[in-house]
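> All I have is the shape, not the residue letters:
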């Protein structure tokens with residue numbers, strides 16, 4: 001107390017961690033944890049104008065008693081992190097926590113507030129503080145729609161919102177009302193481990209959104225329509241990241257590819273790991289400013305690409321595709337591509353009859369500027385690989401796995417014994433610096449050693465399998 005009273009205007013960074021106990025037994029012989037919460041509130045209430053940082057970890061009653069006892073002005077508070085202690089496996093709907101802090105009218109706005117809450121949803125009682133919350137992260141096992149709406153309404157000026165469920169995924173409960181929640185300043189939205197994020201995304205108005213990340217979520221078929229609405233209304237969107245998300249109920253047929261093209265004029269980074277829902281939506285998206293792309297359509301097995309026009313991506317420099325069908329590359333033209341990875345899975349037999357033609361056509365149209373190439377599971381043989389490499393004079397990095405190549409390709413990459421510096425000779429991949437081969441079972445250690453010896457400036461690696 002003496003130090004608190006004589007510290008002047010020194011900013012106060014306050015951390016309160018209650019012991020990890022679930023029962024109502026006294027924390028000490030002299031006072032319970034509830035009484036301690038009240039006593040701490042009485043101690044720190046007069047110091048609230050100096051609060052810069054507040055962190056608290058305790059049970060619900062302990063947190064609420066402390067916060068209720070600290071109703072008052074916090075003109076300098078810029079960080080608040082509160083996590084409720086709960087029993088392992090606890091998956092009930094989280095409570096709400098009323099935050100009774102406020103800022104004096106004479107204070108000029110004050111600093112913005114970064115907030116994080118675990119197993120509880122904060123409700124700011126006064127907009128003088130709630131309106132200054134720009135970054136909010138919550139982690140909960142269950143999401144009640146009405147409580148979620150109330151929370152967002154109490155901090156309307158959010159710039160970054162991160163909602164995370166508890167593994168394997170938070171359920172969304174409650175009835176969605178007719179009105180959408182406007183978040184006119186939100187530029188970065190992240191949702192992880194939520195069983196049906198479409199219900200949350202569908203109730204948000206996100207005109208200013210620039211980055212959208214949804215990962216490790218289970219989707220329903222309604223997700224396609226929700227994403228379509230976001231893509232059509234968020235004209236400032238630059239980054240889309242949909243990773244490790246699958247349908248909650250498996251379908252055997254793709255939803256039909258219908259509707260007009262969806263143009264995302266500002267998106268430069270696009271990452272999508274999806275199944276049937278995403279596979280259907282993917283073919284209707286135009287990304288004229290795309291620079292990097294990662295696409296995984298493994299959930300859409302046995303479904304060939306629909307008949308749609310070839311799309312040119314003039315700005316695309318990097319693309320990583322994991323797919324059960326190589327048809328997708330026949331729809332892409334990227335004349336300025338510098339990095340390309342194509343993964344089909346482990347493939348030890350001969351390639352599919354038209355795989356060679358698809359890869360050759362892509363390399364011929366989009367390959368001349370490539371600096372890095374990765375091919376895995378395509379099953380290409382010597383003839384096709386050498387044909388492709390002959391058309392990639394700028395290539396600096398090469399990774400080939402699960403191919404039917406032999407020592408013939410290794411010898412093609414080498415330098416003839418009679419070659420000397422100054423001789424005129426067309427060396428395959430003259431700018432190559434790094435190269436690796438994995439599970440190419442028709443190559444030998446001797447052939448690889450001969451290649452490494454004749455081109456020592458290149459870093460060669462070989463994974464026998």
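That came through, no problem. Keep in mind it's a predicted model, so treat the numbers as computed, not measured. Numbers count the residues shown, from 1 in each chain.
> where does the stretch 301-450 of the chain have low pLDDT?
301-309, 324-325, 345-353, 416-425 (pLDDT under 70).
> which residue ranges form the helices in the stretch 51-200 of the chain?
Per DSSP state H, counting those that start in this stretch, the stretch 51-200 of the chain has helices spanning 60-68, 127-130, 145-153, 197-201. These are given in chain order.
> among these, which is the most enclosed?
Comparing these by mean neighbour count (mean count of other CB atoms under 10 Å), helix 197-201 comes out on top with a mean of 23. C-beta here means a position set from N, CA and C on the backbone, and glycine is covered the same way.
> From the rest of the structure, what touches whatever helix or strand comes next after it?
The C-terminal neighbour of helix 197-201 among helices and strands, as given by DSSP states H and E, is strand 204-205. If you take CB atoms under 8 Å, 6 or more residues apart in numbering as the criterion, strand 204-205 is touched by 152, 180-184, 186, 189, 233.
> Pick the one among these closest to residue 404.
For the contacts of strand 204-205, the closest approach to residue 404 (CB to CB) belongs to residue 189, at 44.9 Å.
> State the pLDDT value of that closest one.
Among the per-residue scores, residue 189 shows a pLDDT of 98.
> what about the nearest residue to residue 152 once chain neighbours are set aside, how many residues close to it?
On the basis of CB to CB, 6 or more residues apart in numbering, the spatially nearest residue to residue 152 that is not a chain neighbour turns out to be residue 181, at 5.1 Å. Burial of residue 181, expressed as a neighbour count using other CB atoms under 10 Å, amounts to 17.
> for residue 117, same thing?
21.
> Residue 234 against residue 206, yeah?
Yes - under the criterion of CB atoms under 8 Å, residue 234 is in contact with residue 206, at a separation of 5.5 Å.
> tell me what whichever strand or helix holds residue 226 is packed against?
Element membership of residue 226 [criterion: DSSP H and E] is helix 222-233. Here helix 222-233 is seen to pack against helix 197-201, strand 262-263, helix 276-282 when contacts are counted using 3 or more CB pairs under 8 Å, 6 or more residues apart in numbering; DSSP states H and E.
> strand partners of the second one, parallel vs antiparallel please.
Just to be clear, that refers to strand 262-263. Partner strands and pairing direction for strand 262-263 (DSSP bridges) are strand 285-286 (parallel).
> what's the offset of the next helix or strand after the partner strand from the middle of its chain?
For strand 285-286, the succeeding helix or strand toward the C-terminus, using DSSP H and E, is strand 292-296. For strand 292-296, the gap between its own C-alpha mean and the chain's C-alpha mean amounts to 12 Å (CA atoms, centre = their mean, to the nearest Å).
> Tell me which residues of the helix holding residue 226 come out buried.
With burial defined by 16 or more other CB atoms under 10 Å, the residues of helix 222-233 counted as buried are 223-224, 226-227, 230-231.
> want to throw these into JSON lines with pLDDT?
Converted to JSON lines, these look like this (pLDDT from 0 to 100):
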{"residue": "223", "pLDDT": "81"}
{"residue": "224", "pLDDT": "78"}
{"residue": "226", "pLDDT": "88"}
{"residue": "227", "pLDDT": "87"}
{"residue": "230", "pLDDT": "92"}
{"residue": "231", "pLDDT": "91"}
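> Now distance to residue 429 too, for these, in a markdown table please.
Output for the buried residues of helix 222-233, formatted as a markdown table (distance: CB to CB, whole Å):
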| residue | distance to residue 429 |
| --- | --- |
| 223 | 43 |
| 224 | 42 |
| 226 | 46 |
| 227 | 40 |
| 230 | 43 |
| 231 | 39 |
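> State the pair within these that is farthest apart.
Using CB to CB, the buried residues of helix 222-233 reach their maximum pairwise distance at 223 and 231, which is 12.2 Å.
> what pLDDT does residue 255 get?
On the pLDDT scale, residue 255 is placed at 50.
> and this structure, what are its domains?
What automatic domain parsing lists as the domains of the chain is 1-178, 348-465.
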